[in-house]
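[1] Here you go, sequence then predicted model.
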Amino acid sequence: MLFATAIVLLVLLALLAVPVTLNYELSWRQKLHGEARLEWLFGLARVRLQPQGKASARKTKTSAGEATPRAKPARKKSNPLAALRQKSFRQRTLRFGRDIWRACRKRDLYLRIRVGLGDPAETGQLWALCGPLSGWLASIEGASIALEPEFVDAVFELDSSGKISVVPLQLLYLVLGLLCSPPFWRGMQRMRGAA
């Protein structure tokens, strides 16, 4: 029994050590277009992903004899800013983001975002925040990333494509590291408590 359990665990670990690859191409102009394909076991298992369209709204009518459904109690909202005010939480989540970025093997990664708010003054204020970020993103190794302001029209356009590979076992290790860190849980408690 113990031997069979050990073999199952070893097989599971071996399967989690095989990289998963995402090939994608996305475009947003008024509507999301694109396609993506997940590959695993070096191309033996493939899944094609399509962006979901708008779900059709279903109209339900209640007859006079039916009881009206009860309204759900309002859920307590969380406040993410309360967690972000904690320096240790910010540092831990940024480190997690960097670790995830390094764990992903990226090839031909391209991202272009064009944003305009319709008012040159408001777009300028937005660009004051995003401009420095744009310079930093453009210098990232292994990716071609560009943020562009549009000062005349209100617009949001996105073009992205690339190939990203990741080892599930490595991701599991990073997520468990995040979930076992006290700064993360203190930030989550602060987020729930500040709502």
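    Done, it's in. On a predicted model such as this, the values are computed, not experimentally measured, just so you know.
[2] and L158, backbone torsions?
    Main-chain dihedrals, L158, degrees, to the nearest 10: phi -140, psi 130.
[3] same check, this time on S27
    phi -150, psi 140.
[4] Verify the stated contact: it with I113.
    No. Between S27 and I113 there is no contact under Cβ atoms under 8 Å: 11.6 Å. C-betas here are computed from N, CA, C, even on glycine.
[5] quick one: which of the two has more around it?
    Neighbours were counted for S27 and for I113 using other Cβ atoms under 10 Å; I113 has more, 18 against 14.
[6] in what helix or strand does that one lie?
    Using DSSP states H and E, I113 sits within strand 105-117.
[7] Give me the sheet partners of that strand and which way each runs.
    The strands beside strand 105-117 in its sheet (DSSP bridges) come out as strand 143-149 (parallel), strand 154-166 (antiparallel).
[8] Go ahead and measure how far that strand is from the middle of the chain.
    Here strand 105-117 is found 14 Å from its chain centre; the criterion is Cα atoms, centre = their mean, to the nearest Å.
[9] likewise stretch 32-41?
    15 Å.
[10] go on, stretch 122-141?
    For stretch 122-141, the distance to the chain centre is 20 Å (Cα atoms, centre = their mean).
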